[in-house]
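Student: Any chance you can model this:
(2 chains, ligands or ions: 2)
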Amino acid sequence: MTESNAPLLEVRDLHAYYGKSHILHGVNFYVGKGEVVSLLGRNGTGRSTTLKAIMGLVPPKSGKILLNGRNLAEARTYAICRAGIGYIPEEREVFSNLTVDENLRMGQQSSHDGAPEWTIEQMFEYFPNLKERRKTKAGNLSGGEQQMLTICRSLLGNPKVLLIDEPTEGLAPKNVAAVEEATHDINRRGVSIVLVEQKLAIALKVSTRVCVMGHGQIVFEGTPEELAGNTKILKEWLAV
Amino acid sequence: MEYFTISLFNGVVYGLLLFMVSAGLTLIFGMMGVLNFAHASFYMVGAYLAYSLQKIFGFWPAIVLAALLVGILGMVVEAFFLRRVHRYGHAHELLLTFGLAFIIAELVKLFYGNYPLNYRVPDALNFAAFQVFGTDYPVYRLLMGGISIGMFILIYLLLTRTRVGIVVRSAIYRPRMAEALGHNVPLVFMGVFGVGAALAGLAGAVAGAFYTTNPNMALELGVIVFVVVVVGGLGSLEGAMLASLLIGLISSFAVGIDLSLIDFFGLFGAREWAESVGGVLALKISSLSATIPFALMLLILLVRPSGLMGEKS
Ligand SMILES: Nc1ncnc2c1ncn2[C@@H]1O[C@H](COP(=O)(O)OP(=O)(O)OP(=O)(O)O)[C@@H](O)[C@H]1O
Ligand SMILES: [Mg+2]
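Tutor: Ligands and ions are numbered 1, 2, ... in the order given. All right, here's what the predicted structure looks like:
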């Protein structure tokens, strides 16, 4: 594979630990430009840890994280963000003590070579609720609004790849639809996405490819159709 | 009335000075989760540096320079000492700042001697601003108050109106998320530490000339500032402001009140009995003035452990 058609983001043989417990046992996957890749798997298989390791929030013990061929495995977290990787954590982590506006300004970063650029006004088009509440402290938002805020906040960093951890978890159906819609549109405008999603139906619908994780490794990789037709994998690694 | 007005002015000015030192301490606590025992040492270093530098550069340039140098010292302490022991936990950080406070005090004694310095307000600034009930009120006190208020406004605007301020407030609250949004949080922390130290240094440089400059000043002020930060609520800037003024006023008023419990009982016609009992009842408030802040701290800890403006956690 030459540099020019190398994947945008590639994770190679990634190992990570929490203290002494070995969580990631050599994770391998890649994300091409314009793709949505979902990480599926049962609870506790290391999907969130994979995203954290990519961001340097859990330091990788070994392995490579290549963004456009540049290894970020030893970079500082802020440098990884500035290189073009956005991160939306499972716990949302809004800055409760700051207003919605200030949270959004926290996310703003200058654009990186060729990544799509976003404005606060565009964010308000996706989620008009936020516009009405821009002077509100983020801690007073509903769970759904907080989720929208974290998506916008990370998007304003103009990422090439966005890592999203269970964005629809615990949301009302109306908000699930809004978040799904926004995710789809963000991708259409050129941002590649790594999505950790619990709901198989959503993952199959929005992804270009899916990876199934088990015991800290990728145990299946293929198109949504391939996964839907593979009862063995579904049964062994995804059935509850 | 004269007593009241003068005590009020003095109390406010002293409170504002306390704020300059406690602001940094409380911000740094919010950031690191550790009380920096060496913080008041920055105050002392500010006074000593200003004393030495004014001989070369004159009074005001020396004060500015002293504050800047102490700011740099603070950044060095954060980047090369505290950050290294951070991963071993809070106990190590605490011990480190404790040790640092001792080292600084000993170094000061080594270079300047173990006695008060002759650091004075320059004659040009040593005149009365106005008269209160026939007594001259020193202009320098007003200057100290003005500088503190100026610093408070500056920090407040910086924290609320600028992007740097937003980053600082976020980083204090959720450092890892702030970093994941592309902000160099270690650098931000070093900056906050530096600014906090510089403020303490500025306070020392300004106040050292008016009060006293001696090797114990760090310890003496450190204890009061600690009380201020606890009373105001650890990590709360507004709380530090409120508590500083409160304690400034209490200290200033208490010194001049010669009442005791005997006078209190006297109100109910039991003066003679109270005088015969003596002991605790005869203690004058003025002689207790140094302990009142601690009593206040104890009271606050009992009824509102998070402090006046602290978060309820
Ligand atoms: N901070 C932590 N310290 C120690 N162990 C952790 C920590 N966070 C997660 N783990 C453990 O690491 C493993 C993987 O966790 P991870 O959060 O990556 O799972 P996941 O696939 O995202 O699942 P889910 O989000 O559904 O819980 C789990 O066994 C979990 O118990
Ligand atoms: Mg998870």
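
Student: Tell me the secondary structure at the residue in chain B positioned nearest to chain A.
Tutor: Closest contact between chain B and chain A, by C-beta to the nearest C-beta, is at residue B:182 (3.7 Å). Placement of C-beta: from N, CA and C, glycine included. The three-state assignment at residue B:182 reads coil, by DSSP: H, G, I helix; E, B strand; the rest coil.

Student: Ok, residue A:23 next?
Tutor: strand.

Student: wait, it sits on residue A:46?
Tutor: Yes - if you go by C-beta atoms under 8 Å, residue A:23 and residue A:46 touch, sitting 5.1 Å apart.

Student: any idea how far the closest residue to residue A:204 other than its chain neighbours lies from residue A:209?
Tutor: Counting by C-beta to C-beta, 6 or more residues apart in numbering or on different chains, residue A:224 is the residue found nearest to residue A:204 once chain neighbours are left out, at 4.2 Å. From residue A:224 across to residue A:209, the span is 8 Å (C-beta to C-beta, to the nearest Å).

Student: Next: residue B:307.
Tutor: Distance from residue B:307 to residue A:209, by C-beta to C-beta: 53 Å.

Student: From the neighbour counts alone, determine which of the two ranks first.
Tutor: Between residue B:307 and residue A:209, residue B:307 has the larger neighbour count (other C-beta atoms under 10 Å in any protein chain shown), namely 24 against 18.

Student: isn't the more buried one right up against residue B:237?
Tutor: No - using C-beta under 8 Å, residue B:307 makes no contact with residue B:237, being 12.0 Å away.

Student: which residues does the residue nearest to residue A:204 contact?
Tutor: By C-beta atoms under 8 Å, 6 or more residues apart in numbering or on different chains, the residues touching residue A:224 are A:203, A:204, A:205, A:207, A:209, A:210.

Student: can you redo those residues as JSON lines with distance to ligand 2?
Tutor: What follows is the contacts of residue A:224, written out as JSON lines (distance: C-beta to the ion, whole Å):
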{"residue": "A:203", "distance to ligand 2": "14"}
{"residue": "A:204", "distance to ligand 2": "19"}
{"residue": "A:205", "distance to ligand 2": "20"}
{"residue": "A:207", "distance to ligand 2": "17"}
{"residue": "A:209", "distance to ligand 2": "20"}
{"residue": "A:210", "distance to ligand 2": "16"}
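
Student: And these, which is closest to ligand 1?
Tutor: residue A:203 (13.5 Å; C-beta to the nearest ligand atom).

Student: The closest one - that's part of a helix, no?
Tutor: Yes - counting by three-state DSSP, residue A:203 is located in a helix.

Student: wait, it sits on residue A:40?
Tutor: Yes - at 5.8 Å, residue A:203 counts as touching residue A:40 under the criterion of C-beta under 8 Å.

Student: Those two - which one has more neighbours?
Tutor: residue A:40 (27 against 22).

Student: element containing the more buried one?
Tutor: Counting by DSSP states H and E, the element that carries residue A:40 is strand A:36-41.

Student: Could you do residue A:12 as well?
Tutor: Here residue A:12 is assigned to strand A:9-18, by DSSP H and E.

Student: Using PDB, write down the CA coordinates of stretch A:211-220.
Tutor: Provided in PDB are the C-alpha atoms of stretch A:211-220 (Å, rounded to 0.1, in the frame of the first residue of the first chain):
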ATOM      1  CA  CYS A 211     -15.400  -4.400  13.700                       C
ATOM      2  CA  VAL A 212     -16.400  -6.800  16.600                       C
ATOM      3  CA  MET A 213     -14.300  -6.800  19.700                       C
ATOM      4  CA  GLY A 214     -13.800  -9.600  22.100                       C
ATOM      5  CA  HIS A 215     -11.300  -9.900  24.900                       C
ATOM      6  CA  GLY A 216      -9.400  -6.800  23.900                       C
ATOM      7  CA  GLN A 217      -9.000  -7.800  20.300                       C
ATOM      8  CA  ILE A 218     -10.800  -7.400  17.000                       C
ATOM      9  CA  VAL A 219     -12.400 -10.800  16.300                       C
ATOM     10  CA  PHE A 220     -14.400  -9.800  13.200                       C
END
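
Student: Give me the neighbour count for the residue of chain B closest to chain A.
Tutor: 27.

Student: Quick one: name the residues of chain A near ligand 2.
Tutor: Residues of chain A found near ligand 2 (C-beta under 5 Å from the ion) are A:48, A:90.

Student: Could you give the number of residues near residue 80?
Tutor: All of this refers to chain A. Using other C-beta under 10 Å: residue A:80 sits among 23 other residues.

Student: My question was about chain B, not that one.
Tutor: So residue B:80, with other C-beta under 10 Å, has 9 neighbours.

Student: Contacts only, for the residue nearest the centre of chain A.
Tutor: When C-alpha atoms, centre = their mean is applied to chain A, the residue found nearest the centroid is residue A:163 (1.7 Å). By C-beta under 8 Å, 6+ apart, the contact list for residue A:163 reads A:51, A:54, A:55, A:85, A:86, A:87, A:88, A:193, A:194, A:196.

Student: For the residue in chain A that chain B sits nearest to, which non-adjacent residue is closest in space?
Tutor: Distances between chain A and chain B by C-beta to the nearest C-beta are smallest at residue A:81, namely 3.7 Å. Using C-beta to C-beta, 6+ apart and skipping the chain neighbours, the partner closest in space to residue A:81 is residue B:182 (3.7 Å).

Student: wouldn't that neighbour be in contact with residue A:78 here?
Tutor: Yes - in this structure, residue B:182 is within contact of residue A:78 by C-beta under 8 Å, at 5.3 Å.

Student: what about residue 184, how many residues close to it?
Tutor: In the absence of a named chain, chain A is used. For residue A:184, using other C-beta under 10 Å, the count is 14.

Student: Hmm, no, I was thinking of chain B.
Tutor: Neighbours of residue B:184 using other C-beta under 10 Å come to 18.

Student: can you give me the strands for the chain?
Tutor: You didn't pick a chain, so chain A it is. Ranges of strands in chain A, per DSSP state E, are A:9-18, A:21-31, A:36-41, A:60-67, A:70-71, A:85-88, A:161-165, A:192-196, A:209-214, A:217-222.

Student: if you could check chain B rather than the one you did, that'd help
Tutor: Using DSSP E, strands in chain B cover B:128-132, B:135-138.

Student: Tell me which two in the contacts of residue A:224 are the farthest apart.
Tutor: A:205 and A:209 (13.1 Å; C-beta to C-beta).

Student: Check the residue nearest to residue A:204 and give its pLDDT.
Tutor: Residue A:224 carries a pLDDT score of 94 in this model.

Student: so how far is residue B:93 from it?
Tutor: 50 Å.

Student: next one: residue A:67
Tutor: For residue A:67 relative to residue B:93 (C-beta to C-beta), the value is 35 Å.

Student: again, but for residue A:187
Tutor: 44 Å.

Student: Between those two, which has more neighbouring residues?
Tutor: Per other C-beta under 10 Å, whichever of residue A:187 and residue B:93 has more neighbours is residue B:93, with 22 against 19.

Student: any idea which helix is longest in chain B?
Tutor: helix B:2-32 (DSSP state H).

Student: typo on my end, chain A
Tutor: Assigned via DSSP H, chain A shows its longest helix as helix A:173-188.

Student: Now residue A:41. Nearest residue, chain neighbours left out?
Tutor: In space, residue A:41 is closest to residue A:213, 3.6 Å off (C-beta to C-beta, 6+ apart).

Student: Looking at the closest residue to residue B:143 other than its chain neighbours now. What's its pLDDT?
Tutor: In space, and not counting its chain neighbours, residue B:143 is closest to residue B:125: 6.9 Å by C-beta to C-beta, 6+ apart. Residue B:125 carries a pLDDT value of 81.

Student: wait, residue B:125 sits on residue B:142?
Tutor: No - with contact defined as C-beta under 8 Å, residue B:125 and residue B:142 do not form a contacting pair (10.3 Å).
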